[in-house]
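Undergrad: Build me a model:
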Amino acid sequence: MPSVLSITAPIFILIGLGYLAVKTSLVPSAAAAGMGRFVLYFSLPALIFGTLSRMEFGQVIVPSYLLIYATASLLTLLIGVVLHRKALGDSLTDSGVKGMGMAVSNSAFIGYPVLLQVFGEPPAQAFAMSLMVENLLIIPLALIIIESGTQTKQTSRLQYAGSVFSRVLPNPLVLSIAAGMLVSLLGLEIPPVADRTLDMLAQASAAVALFSIGGVLVGTSIRGHLSAVPLVTAGKLMLHPLLVFLLLMLVPGLSPDLRLSMLLLASMPMFSVYPIIAGPYGLSQTCASILIATTALSFVSLNLVLSLL
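TA: This is a model prediction of the structure:
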């Protein structure tokens with residue numbers, strides 16, 4: 001257990017430092033949000049692009065990894081939607097929002113720092129493939145389900161699906177994956193100055209991401225429809241990694257590093273902009289409560305997963 005805590009403790013210490021810095025007004029809350037945008041638009045894209053562009057193209061994509069992670073995430077989303085819709089009687093829109101919280105991990109802001117602590121040199125291909133599944137499949141599909149509950153006759157499902165993808169594709173993480181894969185495919189060399197700049201930006205990603213997560217949590221309280229918190233939290237921290245584990249047993253052949261990476265990424269709490277996405281549907285406060293509860297409980301669940309593995 002001490003060796004496991006040595007992996008997870010720095011993660012949550014940095015989140016706690018960010019929280020205390022904003023709580024005591026040492027750092028303005030707007031600055032913490034700005035740090036998050038720095039990570040999203042500069043630091044993580046630099047890390048993803050720089051790493052993928054240096055790899056052989058054949059090493060970037062592992063079909064069995066994509067199949068397992070996509071299937072587990074899709075099943076988690078659908079189970080979440082059906083449970084909330086049929087068992088709890090929520091609307092399709094509410095069910096879609098809660099299902100999305102169960103199926104989409106915080107791979108960028110918490111997942112990568114955890115991989116960095118576990119591996120020292122984290123498998124970038126696992127990180128990139130998980131981001132691809134989340135950003136190109138699960139989030140767009142969840143948004144389509146959510147909007148289906150609010151759809152008017154003036155907007156067809158095909159039109160809405162097109163608008164969803166037009167908003168998802170410009171995501172800087174998605175663009176950095178595409179650009180890195182293209183450079184790798186063409187065998188292009190990055191100029192030394194650009195390469196060093198990418199490295200400097202990438203090195204800042206883990207610490208700044210965690211610090212900003214803590215700052216953003218200031219002012220968030222557990223309120224709203226508290227009945228939604230346990231089910232979504234259990235779905236994210238237990239159901240999602242459990243489905244990944246079961247599918248890994250059925251599909252052998254992945255390297256141990258990729259298997260461990262996939263399990264860890266599935267065990268992360270939900271993505272940090274979850275309450276923002278839920279805002280237009282009147283679920284911002286409920287989803288903020290779910291986010292803070294899941295992030296806090298992930299300290300226990302991550303230590304458990306690491307100790308078992």
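Undergrad: you'd agree residue 202 is up against residue 43?
TA: Yes - using C-beta atoms under 8 Å, residue 202 makes contact with residue 43 at a distance of 6.5 Å. (C-beta placed from N, C-alpha, C; glycine too.)
Undergrad: how about the helices in the stretch 101-250 of the chain?
TA: Using DSSP state H, counting those that start in this stretch, the helices of the stretch 101-250 of the chain run over residues 112-119, 124-133, 139-148, 157-168, 172-186, 192-203, 205-217, 228-234, 240-250.
Undergrad: quick revisit: between residue 202 and residue 43, tell me which one has more neighbours.
TA: Under the criterion of other C-beta atoms under 10 Å, the comparison of residue 202 against residue 43 puts residue 43 first, with 23 against 19.
Undergrad: From residue 147, how far off is the closest residue to the more buried one other than its chain neighbours?
TA: Nearest non-adjacent residue to residue 43, counting by C-beta to C-beta, 6 or more residues apart in numbering: residue 205, 4.0 Å away. Using C-beta to C-beta, to the nearest Å, we find residue 205 at a distance of 32 Å from residue 147.
Undergrad: Residue 230 too?
TA: According to C-beta to C-beta, residue 230 and residue 147 sit 26 Å apart.
Undergrad: Have a look at those two and say which one is more surrounded.
TA: residue 147 (21 against 11).
Undergrad: how much space is there between that one and residue 141?
TA: In this structure, residue 147 and residue 141 are 11 Å apart, going by C-beta to C-beta.
Undergrad: could the helices of the stretch 101-250 of the chain be laid out in a markdown table, adding distance to residue 53 and mean pLDDT?
TA: What follows is the helices of the stretch 101-250 of the chain, written out as a markdown table (distance: least, C-beta to C-beta, whole Å; pLDDT from 0 to 100):
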| stretch | distance to residue 53 | mean pLDDT |
| --- | --- | --- |
| helix 112-119 | 17 | 85 |
| helix 124-133 | 10 | 84 |
| helix 139-148 | 25 | 82 |
| helix 157-168 | 22 | 65 |
| helix 172-186 | 4 | 83 |
| helix 192-203 | 9 | 89 |
| helix 205-217 | 16 | 79 |
| helix 228-234 | 37 | 90 |
| helix 240-250 | 28 | 95 |
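Undergrad: Go through those and name the closest to residue 68.
TA: helix 240-250 (4.6 Å; C-beta to C-beta).
Undergrad: Could you list every helix and strand in contact with the closest one?
TA: Contacts defined by 3 or more C-beta pairs under 8 Å, 6 or more residues apart in numbering; DSSP states H and E place helix 240-250 against helix 63-82, helix 256-266.
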